[in-house]
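Asker: Dropping a prediction and its sequence here:
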Amino acid sequence: MASSSAAQEVATDNPATTAISPKPSPSSNSPEQRTLTLHSYIGDIFSAPPLTVLIHACNTQGSWGAGIAAAFRTKYPVAYTIYRRHCLISHNPKTNPVPSGTCLLIPPSETKPGAPKHWIACLFTSQKYGKGKDKPDVILRNTGPAVSMMLGQIKEAGEGVADLRMCKINSARFAVPWERTVAVLEGLVVEEGWAGDVEVWDIE
Ligand SMILES: Nc1ncnc2c1ncn2[C@@H]1O[C@H](COP(=O)(O)OP(=O)(O)OC[C@H]2O[C@H](OP(=O)(O)O)[C@H](O)[C@@H]2O)[C@@H](O)[C@H]1O
C-alpha cells in the first residue's frame, strides 16, 4: 500500500502492505532538499522481511537490559555480542566511551537455522541508561547525528539493505516525548543516495 499524498501510512501489521514508494518531499527552503519522511505502522517491528534494518536507541554501556532492547537481545544474540564488543572492547565506558550521536550498523549476523536476517542499527542517543540517562535535550541533540550517520552507513552497505523500520526511539525508557524526536527526524536533510523514508512501528 503506497499512499500517494498522506504523510502517515494507514496503520497495518500486514507485511504484504508495507511496501513504500519513495517520493520526494517538498522542503521549505529549497526544492532540491528533501527531509526524512516517517510512515507510521501498528504491529510487530520484528515481523519485518529479510534485509530490513531494525532501528533502536541504545546506551553506550553495552546493555540491552529492558524495553525493546531486551527483545533485541533475546532475538539477536549474535548482534548483542557485536554491540557489546563495540561498547566494551573497541571502546571503554570509563576511559573511551562510544561517542554519543553515532550509530553502529550490524549486518544480519545470526547463525541459528531460521533466525531472521535483519540488519540492526544501534543509535547511541544517550551515554547511560536508567537514572543516569542523558537529559531529553541531550538525547535529542544526539539523535540527529546518529540517524544521519546511520543513513550514510546504509548507503555504503548498498543493495543488501531493504526497508528501514524504527521503533519509537527515545520515547519510553529514555523518557523523551515522541513528538520531540519526530521533530528532529523530520528535520533531517536527506543527502544524495540516502534512504529518505523510515517506517515507525508501534505495538499498540
Ligand atoms: N517488543 C516490542 N516490539 C515493538 N515495540 C516495542 C517492544 N517493546 C517496547 N517497544 C516500544 O519501543 C519503544 C522504545 O522504548 P524503549 O524503552 O525500549 O526504548 P527507549 O528508546 O526509550 O530507551 C532506550 C533504552 O532502553 C533500553 O533499556 P535499558 O536502558 O537497557 O534499561 C535500552 O538498552 C536503552 O538504554 C517504545 O515505543 C516501546 O513501546
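Answerer: Happy to help now that I have it. Model, not experiment: these values are computed from the prediction.

Asker: how about the strands of this structure, start to end?
Answerer: 34-35, 37-42, 53-58, 103-106, 119-124, 164-166, 189-190, 197-202 (DSSP state E).

Asker: ok, the last one: who's next to it in the sheet?
Answerer: So the one you mean is strand 197-202. strand 37-42 (parallel), strand 164-166 (parallel) (DSSP bridges).

Asker: from these, which stretch is densest packed?
Answerer: Of all the strands paired with strand 197-202, strand 164-166 carries the top mean neighbour count, a mean of 24, counting by mean count of other Cβ atoms under 10 Å. C-betas here are computed from N, CA, C, even on glycine.

Asker: What's the mean pLDDT across it?
Answerer: Throughout strand 164-166, pLDDT has a mean value of 98.

Asker: Same check on stretch 176-184?
Answerer: Computed over stretch 176-184, the average pLDDT equals 98.

Asker: So which residues make contact with that stretch?
Answerer: Leu38, Pro136, Ile139, Leu140, Thr143, Gly144, Val147, Lys168, Ile169, Asn170, Ser171 (Cβ atoms under 8 Å, 6 or more residues apart in numbering).

Asker: From the chain's centroid, how far away is that stretch?
Answerer: 14 Å (Cα atoms, centre = their mean, to the nearest Å).

Asker: If we ignore the residues flanking it in sequence, what's nearest whichever residue of the chain sits closest to the ligand?
Answerer: Nearest residue of the chain to the ligand: Gly67, at 2.3 Å (Cβ to the nearest ligand atom). Setting aside the residues directly before and after it, Gly67 is nearest to Arg173 in space (Cβ to Cβ, 6 or more residues apart in numbering), at 4.7 Å.

Asker: count of residues packed around the one you found?
Answerer: Arg173: 17 surrounding residues under other Cβ atoms under 10 Å.

Asker: now it: how far from Ser63?
Answerer: The gap separating Arg173 from Ser63 is 11 Å, by Cβ to Cβ, to the nearest Å.
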